[in-house]
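# give me a model of this one.
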Amino acid sequence: MKIILEDNLFYISMISTVLISLLVGARFLLGRRIHRVFFSLAWMIVLVRLLLPLCVSVSVGWPEILDQVNGWIRSVPTGGYFLIWAAGAAVTVTFFVVRYVMWGRILREALPIQKVPDIDEEMFTFMGIRVYVSDRIDSPVTYGIFQQKVLLPKYYMELTREQLKFILIHEKVHIDGHDNLNKCFVILAVCIHWFNPFAWLMYVCYNRDLELACDEKVIRQVGEDSREDYASVLISLAQGPPAVKPIYSGFAQNAVKERIVMIMGYRKARVWNYVLCGVLALFSLVVFAVPVKTEEVAELTPQNKHLVSTPKREEKEKEEEFEAVEVSKVIEEDSIGTKAEVLVKTKENVSLRIKILFHKELAVTNGSFISFQTRGKEWEAGIDNKYDGTVTIPEAVRYKGKVYPVKGIGNYTFYQCRKLRKVLIPNTVEEIKEKAFESCESLKTLQMPENLELVEANPFVGCRSLKSFQAPEGTRMKGQYQVKEGVLYTDYGRFLKVFPQGKKQKKFVLEEGVRQIAVCGFYGAQVEEVHLPESMLRVKSRAFQNCQNLREVRAHRETVFSRDALTGAWRARILRYD
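Below is the predicted model:
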């Protein structure tokens, strides 16, 4: 399980629709049984999903139809519609900003509240609230984001002490909950996802649930015996027509009938209420998950019931599935039994250092740490760095009768193995860590495993003879990684991960659809010209570091370059085009 960056806005919007539909359905079916405080918190999960471009990659077996839907969503081309999206977002932002400015004028015309007979003066500075009066509003509202003020209608002098108390408590709950600030984030999500009608549905439902949740908190403060009095105040102040006031919290302008029904039927939350809300919250986290691998599941029929695995059978199948090598030497095993450092012999009879993680039931190749007392804080390769030839990483390691598949190539595994000519990586490997192949100067080609899920910041720095990456069955792998013309990409081809340092190509043109270049993506490359497509959004830190032959990078005027993107490429310059 890993946290990954998701830059496909359409995918985020569509996957969030699942959660919005779930909450709207739960709101319709269980609205009177679940307190609206829980719903207002649940909408925050939707908001996080809409605003944060993050996903959690998980290895799960999804039904084929869901896998197809996921692939279809990701395959929708979005680069060509950027101007349309930007225009719609600009219109939406303008709408909300204009409404906010209009309410700012009303606030500037409002006057500080005057003392009213028979009402304590402390009531007007209730818990530090600043209260103003305006003749341009029909019901009390709280305006502002950080310096919030309560506005009362001009007929406030006709209110009784009890009515004014209910109003101020209600507005104080809004202020304490920072509801107006939360509404700003909801509006931001709507502006970004303006094309999704479910985002607008979320906006409407959130505003209603926010008022209902506020009413519940007020009732808990004043007591259930005061429900009728509170409801009567709400009815008496709900005479004016509702208005579109995006960043304010009002007392009696939002779903009055629904609020009255809730107030009169209010009961304290029971244990099952919390349990059900917890289940909904856990299920809602599914929208943050991205499947990275789909496994085939055998259909259970009378003919194949014998395929149902027991623990012993699964372990036996695991041993048969992987070609495991025996441990030749145990270097170290920690006292708490979480990991072990061992040596194994490869097919070429080369000693390779392996770290076994018992709890995760996997192994990774590993560079060794040299004690700082003797030689300083340094690392050395996990094999003999003078070895000249081929190394075959084993699929699995058998240790104390148990098989541990090799899932990763760790830091410094082949560090400064300058004579190493070839490395054969098994398809069990899912991760390649930073500096795994640093300064392997004789390495010319490298075939990527088909189950690759993560490559950290250019692990091939200093591989000056590396001409191309290869992929099984041509160019396609099971996960997000792809190989095109010898170059390694991720995010289904939208993120250039590594350009081989030894690839001799004077001019390199990235195809339309590529959006980012990774950290050290072109490190030490021999190219002289690089043409970036209009879809390119960002060039990350040290992307063209030490590209000494590089003369120019052609990029769209909207492409963002990190300040140190051209570090060491002293002859390079950026040429912009429209």
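# helices of the chain, start to end?
In the chain, the helices defined using DSSP state H lie at 9-30, 36-51, 64-75, 82-109, 161-176, 179-192, 197-222, 227-236, 256-264, 271-284, 311-321, 372-375.
# tell me the mean pLDDT for the shortest one?
Taken as a whole, helix 372-375 has a mean pLDDT of 46.
# got it, and stretch 8-25?
Average pLDDT, stretch 8-25: 82.
# with only the CA atoms kept, save it in CSV.
The C-alpha coordinates for stretch 8-25 follow below in CSV (Å, rounded to 0.1, in the frame of the first residue of the first chain):
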residue,chain,number,x,y,z
ASN,A,8,-6.3,13.1,-13.5
LEU,A,9,-9.0,15.6,-12.5
PHE,A,10,-11.7,13.7,-14.3
TYR,A,11,-10.8,10.5,-12.5
ILE,A,12,-10.9,12.2,-9.1
SER,A,13,-14.3,13.8,-9.9
MET,A,14,-15.8,10.6,-11.2
ILE,A,15,-14.6,8.5,-8.3
SER,A,16,-15.9,11.1,-5.8
THR,A,17,-19.3,10.8,-7.4
VAL,A,18,-19.5,7.3,-5.9
LEU,A,19,-19.1,8.7,-2.4
ILE,A,20,-21.5,11.6,-3.0
SER,A,21,-24.2,9.2,-4.3
LEU,A,22,-23.6,7.0,-1.2
LEU,A,23,-24.1,9.9,1.2
VAL,A,24,-27.1,11.3,-0.6
GLY,A,25,-28.7,7.9,-0.5
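# nearest to Val330, out of the helices of the chain?
Shortest distance between Val330 and the helices of the chain, using CB to CB, is found for helix 311-321: 20.2 Å. (C-beta placed from N, C-alpha, C; glycine too.)
# any regions of the stretch 201-350 of the chain where pLDDT drops low?
Along the stretch 201-350 of the chain, segments meeting pLDDT under 70 span 235-320.
# closest one to Leu446 among the helices of the chain?
Of all the helices of the chain, it is helix 311-321 that lies closest to Leu446, at 24.2 Å by CB to CB.
# so Val150 sits right up against Val133, yeah?
No - counting by CB atoms under 8 Å, Val150 stays clear of Val133, with 9.8 Å between them.
# from the chain's centroid, how far away is stretch 93-101?
The gap between where stretch 93-101 is centred and where its chain is centred comes out at 29 Å by CA atoms, centre = their mean, to the nearest Å.
# buried sites along it?
93, 95-96, 99-100 (16 or more other CB atoms under 10 Å).
# okay, the helices of the chain in a markdown table with distance to Leu496 next?
A markdown table is the format used below for the helices of the chain (distance: least, CB to CB, whole Å):
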| stretch | distance to Leu496 |
| --- | --- |
| helix 9-30 | 20 |
| helix 36-51 | 26 |
| helix 64-75 | 18 |
| helix 82-109 | 19 |
| helix 161-176 | 48 |
| helix 179-192 | 25 |
| helix 197-222 | 31 |
| helix 227-236 | 58 |
| helix 256-264 | 52 |
| helix 271-284 | 34 |
| helix 311-321 | 34 |
| helix 372-375 | 37 |
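# of these, which approaches Glu558 most closely?
Nearest to Glu558, of all those, is helix 82-109, at 8.8 Å by CB to CB.
# what's the angle between the closest one and helix 179-192?
Interaxial angle, helix 82-109 versus helix 179-192 (axes from the mean of the first three to the mean of the last three CA atoms, to 10 degrees): 150 degrees.
# rewinding a little: could you export the buried residues of stretch 93-101 as TSV, including pLDDT and distance to Lys419?
Listed next are those as TSV, based on pLDDT from 0 to 100; distance: CB to CB, whole Å:
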residue	pLDDT	distance to Lys419
Val93	93	59
Phe95	91	66
Phe96	90	64
Arg99	85	69
Tyr100	83	67
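# and which of the residues you listed is nearest to Tyr523?
Nearest to Tyr523 among the buried residues of stretch 93-101: Val93, at 39.2 Å, using CB to CB.
# so the closest one touches Ile192, yeah?
No - if you go by CB under 8 Å, Val93 and Ile192 don't touch, sitting 9.6 Å apart.
# next, the buried residues of stretch 394-408.
For stretch 394-408, a neighbour-count test (16+ other CB under 10 Å) marks 394-399, 403-408 as buried.
# what does that stretch contact?
If you take CB atoms under 8 Å, 6 or more residues apart in numbering as the criterion, stretch 394-408 is touched by 315, 318-319, 322-327, 340, 342, 344, 346, 352, 354, 356-357, 361-365, 393, 426-433.
# same check on stretch 328-344?
325-327, 345, 351-359, 366, 368, 394, 397, 399.
# quick one, which of the residues you listed are buried?
325, 327, 352-356, 358, 366, 368, 394, 397, 399.
# got TSV for those residues, with distance to Val509 too?
Output for these, formatted as TSV (distance: CB to CB, whole Å):
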residue	distance to Val509
Val325	44
Val327	49
Leu352	40
Arg353	41
Ile354	42
Lys355	41
Ile356	45
Phe358	48
Asn366	39
Ser368	42
Pro394	40
Val397	44
Tyr399	49
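# between these, which is closest to Val560?
Among these, Asn366 lies closest to Val560 (CB to CB), at 36.8 Å.
# thought Trp85 was touching Cys191?
No - taking contacts as CB under 8 Å, Trp85 lies outside contact range of Cys191: 10.6 Å.
# quick one: closest of the helices of the chain to Arg557.
Per CB to CB, nearest to Arg557 of those: helix 82-109, 13.3 Å.
# tell me what the closest one is packed against?
Where contact means 3 or more CB pairs under 8 Å, 6 or more residues apart in numbering; DSSP states H and E, helix 82-109 is packed against strand 131-134, strand 141-143, strand 149-153, helix 179-192.
# let me have those in TSV, extended by mean neighbour count and distance to Asp334.
Listed next are these as TSV, based on neighbours: other CB atoms under 10 Å; distance: least, CB to CB, whole Å:
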stretch	mean neighbour count	distance to Asp334
strand 131-134	18	64
strand 141-143	24	57
strand 149-153	23	61
helix 179-192	19	45
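# Thr17 is in contact with Phe198, isn't it?
Yes - checked against CB under 8 Å, the pair Thr17 and Phe198 is within contact range at 4.6 Å.
# ok, how many other residues are close to Ser541?
16 (other CB atoms under 10 Å).
# all good on my end, thank you.
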